[in-house]
Structure formats: structure tokens, C-alpha cells
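> Fold the following and give me the result.
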Amino acid sequence: MGLFDILAGPVNALLGSVGGIIDDLNLSGEEKLAAKAAMSAQLYEFQTVMVQEHGKIVAEQASIIRAEASSDSFLTRSWRPITMLAFVALLFMRWFGVTPDDLSESEILAVFDIVKIGIGGYVVSRGVEKSVASWRNGSSNE
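Got it, this is the predicted structure:
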């Protein structure tokens, strides 16, 4: 969940209430439309800034991952896969009955969700990697 997702709901609710207040004001129809248009312009500007900032955050996250992947250090390069393998090992231990007694079902489901996200990220990243390589080589799979 990004910053835009966090702020979009409350901002849209606020602007919806302001739109209702504008409707209740003793203004002509033209003035109400002008006020709503100004409010919509502000919302568009807010959304544009949020999308730009989100793009900057994603670019920074990507640069960090690229730096880690191209590092000379084995540990820096491999900590994410090692972490995923640890979570997968926890799931296998659960399936074979080797788990702590105080491990709740919600904790097990949280670990499973992490593994699903990790595997999904791996599959997507490999697909993108292969697609970009194919695109750079000028070949296509039509």
C-alpha cells in the first residue's frame, strides 16, 4: 500500500463533503459549478503530485535493489533469497509437524503470505527480465 493509497480515500471523502457543502450554499448554479471545478482542479493537482512522488519512491527502491544485486558481496547480493528460503523452511517445518507450540494460525498464515509475495515477485521479475532481454535483442514471441 503506497502513500497515494493511504491518502486517496480521506482526501476524496473530504472533497466529497466539500462538494456537498458547495451544493448547500446559497450560490447561483454557475458559481457552484465554478467552485466545484476549482475543487476538481485542486484534486487533479494533488493526484498528479502524488503519482510523481510515488514514481520517485519506486525508482529509489529499484535503484537499491539493483545496487544490492550487482554488489560484489555475496551476503548483500543474496540476503533477499536467503530470507525467502528461511520462510519456506518455516512452512515445510509446519507441514512436517516441527513447530513451536505457541505459534498461532495467524502467524503461520502471515508467513505463507510473505512466501506468496516473494514467489510472485520472483516470477514477475524473471518475466520482466526475459522480456527486456528479448526486446533488446529485437526478437519477439508472436
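
> pLDDT weak spots in the chain?
By pLDDT under 70, the weakly predicted segments of the chain are 1-5, 7-8, 15-16, 19-20, 23-24, 139-142.

> Quickly list the domain ranges of it.
3-59, 73-137 (automatic domain parsing).

> For the longest one, measure first residue to last.
End-to-end distance of domain 73-137: 30 Å, with C-alpha to C-alpha, to the nearest Å as the criterion.

> Backbone torsions only: list them for residue 73.
phi -80, psi 130 (degrees, to the nearest 10).

> ignore the last one, residue 28
Per degrees, to the nearest 10, the backbone of residue 28 is at phi -70, psi 160.

> distance of it from residue 35?
11 Å (C-beta to C-beta, to the nearest Å). For the C-beta atoms, the positions are set from N, CA and C on the backbone; glycine is no exception.

> the more surrounded of these two?
residue 35 (17 against 9; other C-beta atoms under 10 Å).

> how about the nearest residue to the more buried one, chain neighbours excluded?
residue 22 (4.9 Å; C-beta to C-beta, 6 or more residues apart in numbering).

> hang on, the one you found packs against residue 37?
No: counting by C-beta atoms under 8 Å, residue 37 is not a contact partner of residue 22; they are 10.5 Å apart.

> mind listing the helices in this protein by residue range?
3-24, 29-69, 74-95, 105-137 (DSSP state H).

> Next, the buried residues of the third one.
Residues of helix 74-95 classed as buried by neighbour count (16 or more other C-beta atoms under 10 Å): 84, 87, 88, 90.

> Could you tell me the angle between that helix and helix 105-137?
130 degrees (axes from the mean of the first three to the mean of the last three C-alpha atoms, to 10 degrees).

> what two of the buried residues of helix 74-95 have the greatest distance between them?
Taking C-beta to C-beta as the measure, these span a maximum distance of 10.7 Å, between 84 and 90.

> Let me know the distance separating residue 135 from residue 128.
Distance from residue 135 to residue 128, by C-beta to C-beta: 10 Å.
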